[in-house]
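In: With the sequence up front, the predicted model follows.
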Amino acid sequence: MAETKAKQDAGQQKKKKTPSMVWVTRVTLLLAALIFVWYVLSDRNTPYTQQARVTELVIPISPRVSGYVTDVRVKLNSAVKADDLLFQLDKSPFNVALRQAQANLDYTMQQMGVNGANVKAAASSVGVSRAQLDRAQRNYDRTQRLINKNPGAVSQADIDRVETSLSQAQERLASAEANLEIAKEQLGVAGPENPQLRLALAQVEQAELNLSFTSVYAPNDGFIESFNIDVGYLGQQGQALATLVSKQDIWIQADFKENNISNMKIGDPVKFILDVAPGKIFTGTVRGIGNGVDSGNKVNRGGLPAINSSSSWLQDPQRFPITIAFTDEDAKRICRAGGRADVVVFTKNQGILYKLANFRIWLNSWLSYVR
């Protein structure tokens with residue numbers, strides 16, 4: 001009897017447990033279905049990615065002339081402002097070059113003065129030769145008139161002398177005119193358009209410019225990185241002395257899956273978190289949406305952004321870079337180039353999806369403490 005009663009009690013307990021397991025299964029399936037629906041909808045309306053990096057302008061600090069470094073005003077990780085003096089190169093050879101260019105300019109102007117005087121002298125010689133030719137021509141004409149009136153009035157010697165004098169006067173005028181042309185060619189264009197003068201002035205300007213290039217300034221605000229030189233280092237033209245991480249423009253490159261960007265548009269509001277500031281949420285906007293990525297086609301001559309995708313038995317969707325602009329000044333101040341970020345984009349007002357996206361990024365902001 002006792003054994004039969006125990007079996008009956010066990011059967012009753014089994015019957016009680018069976019409905020409970022059914023409900024647990026149903027609730028689990030319902031939650032899974034809700035999560036799936038939420039995932040599909042949020043993937044397009046409030047897309048989220050952890051593949052995001054802070055990006056800043058990285059500027060090589062390169063001298064525009066070569067020379068030995070004589071003064072170093074910065075150190076590694078120094079904060080600098082725009083137009084701060086970073087490095088000073090040796091000015092001595094550039095001062096010499098400037099003095100040479102200035103001396104050449106003075107010489108050119110002096111030569112222009114000499115050539116101008118030569119032109120004046122040649123022009124005066126032409127005037128004298130023309131006067132002599134005019135006198136010789138009048139003597140010749142007078143002699144011819146006398147011969148026509150009285151052939152025996154003038155001796156042959158006088159006739160020969162007049163003809164010779166006329167020929168010599170003509171030759172002297174031709175020579176004087178040729179000398180004048182030569183003097184004009186040597187002088188060139190008068191005034192500031194003279195090519196020799198313009199060349200000399202350009203050499204002075206270039207020398208002054210090279211002298212100014214011996215001082216290397218910061219192009220904008222930022223921090224000095226990749227720096228390990230000191231006084232005596234030979235700086236080469238076009239080769240970087242240091243690197244400036246600029247604060248002039250900061251953005252986040254967030255790599256979203258291709259199906260995330262179907263509803264995305266420029267200007268959409270964004271919230272993001274930074275590993276450097278756990279527990280804090282920052283704001284921004286979509287600044288740009290990538291139009292192409294590198295697909296591995298080596299035929300193309302141009303380059304496109306390369307996005308690394310994980311390879312598994314389920315192929316990871318293609319990702320495209322989305323540029324996020326900062327609207328939060330605190331984020332600009334504390335972020336660092338290459339820092340990691342999590343980003344969520346709100347494409348349109350979806351009510352509950354917005355709240356869930358806000359909760360998700362809030363939760364991840366605190367979980368970033370233990371990453």
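Out: That came through, no problem.

In: what's the spatially most central residue of the chain in contact with, if anything?
Out: Nearest to the geometric centre of the chain sits Ile59, at 9.3 Å (CA atoms, centre = their mean). Applying CB atoms under 8 Å, 6 or more residues apart in numbering, one finds that Ile59 lies in contact with 219-220, 222, 243-244, 246. All C-beta spots, glycine's among them, are computed from the backbone N, C-alpha and C.

In: Closest one of those to Asn210?
Out: When the contacts of Ile59 are ranked by distance to Asn210 (CB to CB), Pro219 comes first, at 18.9 Å.

In: The residue nearest to the centre of the chain pairs with what?
Out: Note on Ile59: beta-bridge partners Leu244, judged by DSSP bridges.

In: And it, what's its pLDDT?
Out: What the model reports as pLDDT for Ile59 is 88.

In: what's the spacing between it and Tyr217?
Out: Using CB to CB, to the nearest Å, Ile59 is found at 12 Å from Tyr217.

In: surely Arg135 meets Ala169?
Out: Yes. At 7.5 Å, Arg135 counts as touching Ala169 under the criterion of CB atoms under 8 Å.

In: Pop out the phi and psi values for Ala79.
Out: phi -90, psi 130 (degrees, to the nearest 10).

In: Tell me where the stretch 1-150 of the chain has strands.
Out: Ranges of strands within the stretch 1-150 of the chain are 48-61, 67-72, 79-80, 85-89, based on DSSP state E, counting those that start in this stretch.

In: ah, wrong one, I meant the stretch 201-350 of the chain
Out: 215-217, 222-225, 234-235, 242-257, 269-274, 282-289, 319-326, 340-345.

In: And the third one, what does it pack against?
Out: For strand 234-235, the packing partners by 3 or more CB pairs under 8 Å, 6 or more residues apart in numbering; DSSP states H and E come out as strand 67-72.

In: in its sheet, what does the strand it packs on sit against?
Out: When pairs are called by DSSP bridges, strand 67-72 turns out to pair with strand 85-89 (antiparallel), strand 234-235 (antiparallel).

In: If you compare the directions of the first one and strand 242-257, what angle comes out?
Out: Comparing the axes of strand 85-89 and strand 242-257 via axes from the mean of the first three to the mean of the last three CA atoms, to 10 degrees yields an angle of 130 degrees.
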